[in-house]
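> model the structure of this input:
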Amino acid sequence: MSEKCINGKKISIRNRIINYLIILFMIHGFLYFLRPQEIYDLNSPIRYIKYLVLILTLIIILRESSFKKIFIYILVSTTLLVLNIIAVEQNFSFMSIVSYILPLSIFFFHEGLRKNLNIKTIVYWTYIVATFFGYFEFFIMGGVFYRFASSGYRVISIFVNPNNFALMLTLLSIVIISDRISKTKVFVLLINSLLLILLSGSKTGLFIFILVVSLRWIIDLLHLFVAKSKLKKNVLLYIPIIGISLICFTLIITLSNKFNLNVLLNQIRSIETMMISLESRFMQYSNFLSVSNLIFPWKENVNYTDNIYFHLWGTFGFPVVISYVFFNMYLLYKTIIKRSFTYFAIMFIFLISGFSTNIIYLWPLGYIYWYVAGSILSNKTNMRIYVEQRCLYD
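Numbering: from 1, shown residues only. Below is the predicted model:
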């Protein structure tokens, strides 16, 4: 595919600007490596880059959106704002509601983005930059971001949070594999992704990565039963991935002069630690459900939970979380009837990870969620992530 075409059209300066802005939006977290002390500073200028970039992009594509969509977006945003004020009263935070409303804009103005984006370029650059800074952080920076180091240092790369990093690696890997790359490249990609996920120490990320890759493997095997000559080759591709990744992970820990093998035991959490974590979560959920007002449970007191379903329930009320669940069920249904494993896998990742993280308002996951939702519901979107693209020459 020529780099000078998007959806069969020549790339204009406007197209290039939009793609450069989105790439910056996805990878701007690398700037924290220049100013590591600001990574969790709420007043850091780096934190606001994503908002500035998104607003600039929306301004560029807004002319391609109908007045009806703009009106509906404003109406939905206002409704969420009012519900949030009712739900949390004195605990209302404008920046908190912005974290929901801004990603939602991607859904309503999806069409303008879709026609201008080169998804392949954005995905590959994001994966490469995230990989580079993941290893750079571990080997060179010596564990500079220590907020998540209570159970062994956890790599975050350009995504601020180890769970974000692990989930982004899984999403990007699934999309890249859908590009029909060679078996060798798939093998290297999965080894690299699993290795970095292990370094992130994310239980959620590791579980989802293995689950999605295993599902992909099972589907491949079912397809290959009709072509038995290829079956053995594909089995041999997938089976060694976890083993080789663990060996590489052990070597990295051993060879690094800043870490030792105890980190391996900390990163791959013990069953006892996982049970304590689960017990803590269930206690959070029990406290959440013990309030007297189940329609607006945070009206009395905000009880933060790392669960998007409970968080939506507390932030906006019971009707919103029910709407969110049914909306996602409908999206899954659409991916199934259109027989798109890639979109199904992405939605599955969002649904499962929502039980242990507030995924739809986090950067960049929340923005990706709404883009994918818009793609699934768009009648003009091919259900493969990558569509055959040809340049139109004069």
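> near Ile181, how many other residues are there?
12 (other Cβ atoms under 10 Å). No exception for glycine: its C-beta is placed from N, CA and C like everyone else's.
> oh, I was asking about Val82
Counted with other Cβ under 10 Å, residues neighbouring Val82 total 11.
> what of Gly112?
Residues within reach of Gly112, counting by other Cβ under 10 Å, total 19.
> the one 5 residues further on now?
Using other Cβ under 10 Å as the criterion, Leu117 is surrounded by 19 other residues.
> which residues of this structure score low on pLDDT?
1-11, 89-92, 142-144, 146-153, 218-292, 299-304, 379-394 (pLDDT under 70).
> now do the strands in it.
In the chain, the strands defined using DSSP state E lie at 5-6, 9-10.
> identify the residues contacting the residue nearest to Val325 when sequence neighbours are not counted.
Excluding the flanking residues, the one nearest Val325 by Cβ to Cβ, 6 or more residues apart in numbering is Tyr309, at 7.2 Å. For Tyr309, the contact set (Cβ atoms under 8 Å, 6 or more residues apart in numbering) comprises 321, 324-325, 354-355.
> may I see the PyMOL selection of the buried members of those residues?
Those of these that count as buried under 16 or more other Cβ atoms under 10 Å are selected in PyMOL with:
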select buried, resi 321+324+354
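> turn the contacts of Tyr309 into CSV, including distance to Arg216.
Output for the contacts of Tyr309, formatted as CSV (distance: Cβ to Cβ, whole Å):
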residue, distance to Arg216
Val321, 30
Tyr324, 26
Val325, 25
Gly354, 21
Phe355, 21
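> which one of the contacts of Tyr309 is nearest Arg180?
The shortest approach to Arg180 among the contacts of Tyr309 belongs to Gly354, at 29.4 Å (Cβ to Cβ).
> what's the closest non-adjacent residue to the closest one?
With sequence-adjacent residues excluded and distances taken as Cβ to Cβ, 6+ apart, Gly354 is closest to Ile308, at 3.9 Å.
> distance-wise, check the one you found relative to Ser378.
Noted for Ile308: a distance of 24 Å to Ser378, by Cβ to Cβ, to the nearest Å.
> higher neighbour count, those two?
The neighbour count for Ile308 versus Ser378, taken as other Cβ under 10 Å, is higher for Ile308 (25 against 13).
> pretty sure the more buried one sits against Thr357.
Yes: judged on Cβ atoms under 8 Å, Ile308 makes contact with Thr357 at a distance of 6.9 Å.
> which parts of the stretch 51-200 of the chain are helices?
Remark: helices assigned in the stretch 51-200 of the chain by DSSP state H, counting those that start in this stretch are 67-88, 94-108, 110-114, 119-139, 162-177, 183-200.
> let me fix that, I meant to ask about the stretch 251-394 of the chain.
Going by DSSP H, counting those that start in this stretch, the stretch 251-394 of the chain shows helices at 262-267, 271-289, 308-316, 318-337, 341-353, 365-377.
> tell me the helices and strands packed up against the fourth one.
Where contact means 3 or more Cβ pairs under 8 Å, 6 or more residues apart in numbering; DSSP states H and E, helix 318-337 is packed against helix 308-316, helix 341-353, helix 365-377.
> tell me the angle of the shortest one relative to helix 94-108?
Between the axis of helix 308-316 and that of helix 94-108 there is an angle of 120 degrees, by axes from the mean of the first three to the mean of the last three Cα atoms, to 10 degrees.
> list the buried ones in stretch 331-346?
331-332, 334-335, 340-346.
> now swap in stretch 123-134 and tell me
Buried, per 16+ other Cβ under 10 Å, within stretch 123-134: 123, 125-127, 129-131, 133-134.
> for stretch 50-57, same thing?
50, 53-54, 57.
> could you dump those to a markdown table with distance to Leu171?
What follows is those, written out as a markdown table (distance: Cβ to Cβ, whole Å):
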| residue | distance to Leu171 |
| --- | --- |
| Lys50 | 17 |
| Val53 | 20 |
| Leu54 | 19 |
| Thr57 | 20 |
